[in-house]
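1. Please work out how this folds:
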Amino acid sequence: MTEAQMMQVIFEHVNKQFPKRCNCCQRVFLDYRDYLLNTKHTGVPISYDLEMNDLEPQVSNGNIALANCHCGNTLAITSSGMSLKHIGQILLWVKMEAYRRGVSQEVIICHIRDTVEGMALA
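-> Below is the predicted model:
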């Protein structure tokens with residue numbers, strides 16, 4: 001899978017999570033773009049699979065990006081429902097790309113988030 005194909009898989013998966021409703025204020029984010037424009041990132045996306053060095057999970061431990069709604073409630077975008085094949089391909093790419101660039105996996109995960117967000121905002 002190329003980097004562009006991987007980004008497209010992630011973009012399509014994220015888009016399936018909308019519309020999304022804030023459980024606190026009941027605001028509905030109609031699509032990913034609306035969500036990005038009306039929430040604020042909370043930290044760096046987390047890959048529990050990478051933290052456990054499980055690049056071919058039989059059951060994914062999860063990958064999550066958090067953001068705060070204007071009301072202060074935290075919302076999540078997750079890898080839940082993504083195929084294990086795609087999760088494994090993405091995890092391997094992150095590990096290899098971090099090594100190739102000489103940076104942390106966290107930097108690569110942020111690169112993925114930023115790229116997919118750019119696709120949504122384009």
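
2. helices and strands around the helix or strand bottoming out on mean pLDDT in the chain, which ones?
-> Lowest by mean pLDDT, DSSP states H and E among the helices and strands of the chain is helix 48-51, with a mean of 91. Counting contacts by 3 or more C-beta pairs under 8 Å, 6 or more residues apart in numbering; DSSP states H and E, helix 48-51 is packed against strand 63-69, helix 84-101. For glycine as for every other residue, the C-beta is placed from the backbone atoms N, C-alpha and C.

3. What's the first helix or strand after the longest one?
-> Pointing back at helix 84-101 there. Note on helix 84-101: by DSSP states H and E, the next helix or strand toward the C-terminus is helix 105-121.

4. Need the contact partners of that following helix.
-> With C-beta atoms under 8 Å, 6 or more residues apart in numbering as the test, helix 105-121 has contacts from 6-7, 10-11, 14-15, 31-33, 36-37, 44-45, 47, 50, 65, 90, 94-95, 97-98, 101.

5. List the buried residues of it.
-> By neighbour count with 16 or more other C-beta atoms under 10 Å, helix 105-121 contains the buried residues 105, 108-113, 116-117, 119-120.

6. which of the helices and strands packed on helix 48-51 sits most buried?
-> strand 63-69 (a mean of 18; mean count of other C-beta atoms under 10 Å).

7. tell me the angle that one makes with helix 84-101.
-> 90 degrees (axes from the mean of the first three to the mean of the last three C-alpha atoms, to 10 degrees).

8. Dump the C-alpha coordinates for strand 63-69 into PDB.
-> C-alpha atoms of strand 63-69 as PDB (Å, rounded to 0.1, in the frame of the first residue of the first chain):
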ATOM      1  CA  ASN A  63      -6.000   3.800  17.800                       C
ATOM      2  CA  ILE A  64      -7.600   7.000  18.800                       C
ATOM      3  CA  ALA A  65      -7.500  10.800  18.200                       C
ATOM      4  CA  LEU A  66      -9.200  13.100  20.700                       C
ATOM      5  CA  ALA A  67     -10.700  16.500  20.400                       C
ATOM      6  CA  ASN A  68     -12.700  18.900  22.600                       C
ATOM      7  CA  CYS A  69     -16.100  20.200  21.600                       C
END
